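**Student:** Quick one, fold the following:
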Amino acid sequence: MFGKVVVVSVVLAVAGPAIAQQYPSKPVRIIVPTAPGGGADFVGRLLAHGLNQSLGQPFIVDNRGGGGTTIGVTLAAKSPPDGYTLLLQHNSLAFNATFYRKLPYDTVKDLAPITLIATQPYIVAVHPSLPVRSVKELVALAKARPGQLAYASGGAGSGPYMGAELLKHAAKIDVLHVPYKGAGPAFADLMSGEVQMMVVTMSTALPHVKSGKVRGLAVSSAKRVPAAPGLPTVAESGVPGYEFAVWYGLFAPAGTPAAIVARLNEEAPKVLAARDVHDKLVAGGLTPLRTSPEEFSALIRRDIAKWAAVVKAGNQYAD
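**Tutor:** Presented below is the predicted three-dimensional model:
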């Protein structure tokens, strides 16, 4: 028996590089679990275009929105683990692990993280009519008027929702959630004054902050952002420990050969470093990143624990 184990191990060790060199030999599908036009779709199409060129096979984006991204994630998780179905997902993956009481997949066991692709910070923004000019003043006003201030989001589980709920949890404030069918309509109502505040992506908010249509109070990242050097972080504005950004990452179904995961982990950063792709990401307010599969997996586990605390504190679950 021992001899058979040794033989199998040697065969796998030799076969691994061969598999990686031959991959891909046919088109590859990248499932994006959101509708076309969103951030994940934007990142997924840039990545697919670059991988088309670098690996010599079509990489095709397949938008499978719905169910708070769980429909597309389920499809990817249940696909054959052969490297020909991938998933481009953001950090709602970690949020949904607790938000949904039952999921048709196991967030940790059914997916193989490949690499983090990019991250983007948010801005805590308010309508100019609100008499606050800092997060500290916003928190004080919210505590003086519990349940009276309203924040907009693109719906439960969206990035703006997650960022605002994290702020509620960290600052211990009570503000009303007003969900919309997308972040665009939500931000439009912030600009019109229908709602008072929103945690919104930098690429969306910054032009309107500069024009004065909305007031930016702080950035959600751990450090100040060069594109908006005048905005402090939320953490340095009176809410210690607050940090929130949307991340985008590449996954394969669990069981995908390690050699293919390693090949994609090597190729994806090269695509992101190409000048045309890099410039488009930066122009969209994103920072390209690279991690090992192990580092990415550790990030997901930390995020699951962080969002579990937020969901449980608010007793907000979806069936």
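
**Student:** C-alpha only now, for contacts and for neighbours.
**Tutor:** Will do.

**Student:** what's around Glu137, how many residues?
**Tutor:** 15 (other CA atoms under 10 Å).

**Student:** Going by secondary structure, it is in what exactly?
**Tutor:** Per DSSP states H and E, Glu137 falls inside helix 135-144.

**Student:** Neighbours of Arg302, how many?
**Tutor:** For Arg302, the neighbour count with other CA under 10 Å is 13.

**Student:** Just the pLDDT for it.
**Tutor:** For Arg302, the model assigns a pLDDT of 95.

**Student:** measure it to Ala94 for me?
**Tutor:** Using CA to CA, to the nearest Å, Arg302 is found at 9 Å from Ala94.

**Student:** quick one on the thing from earlier: need the residues that contact the following helix or strand past the helix holding Glu137.
**Tutor:** Next along the chain after helix 135-144, taking DSSP H and E as the criterion, comes strand 150-153. Strand 150-153 is contacted from outside by 159-161, 164, 175-180, 182-183, 186-187, 189-190, 195-199, using CA atoms under 8 Å, 6 or more residues apart in numbering.

**Student:** burial measure for Leu116, as a count.
**Tutor:** Leu116: 27 neighbours (other CA under 10 Å).

**Student:** try Pro226
**Tutor:** When neighbours are counted by other CA under 10 Å, Pro226 comes out with 8.

**Student:** That one and Thr287, how far apart?
**Tutor:** With CA to CA as the criterion, Pro226 and Thr287 are 12 Å apart.

**Student:** Repeat that for Ala205.
**Tutor:** 17 Å.

**Student:** re the thing from before, tell me the buried residues in the helix holding Glu137?
**Tutor:** Buried residues in helix 135-144, counted by 16 or more other CA atoms under 10 Å: Val135, Lys136, Leu138, Val139, Leu141, Ala142, Lys143.

**Student:** Measure how far that helix is from the centre of its chain, please.
**Tutor:** Helix 135-144 has its C-alpha centroid displaced from the chain centroid by 28 Å (CA atoms, centre = their mean, to the nearest Å).

**Student:** Pull it out as CSV, backbone CA atoms only.
**Tutor:** Output of helix 135-144 as CSV, limited to C-alpha atoms (Å, rounded to 0.1, in the frame of the first residue of the first chain):
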residue,chain,number,x,y,z
VAL,A,135,-18.1,61.8,11.1
LYS,A,136,-17.9,62.8,14.7
GLU,A,137,-20.6,65.4,14.2
LEU,A,138,-22.7,62.9,12.2
VAL,A,139,-22.5,60.3,15.0
ALA,A,140,-23.4,63.0,17.6
LEU,A,141,-26.4,64.0,15.5
ALA,A,142,-27.6,60.4,15.0
LYS,A,143,-27.4,59.8,18.7
ALA,A,144,-29.4,62.9,19.4
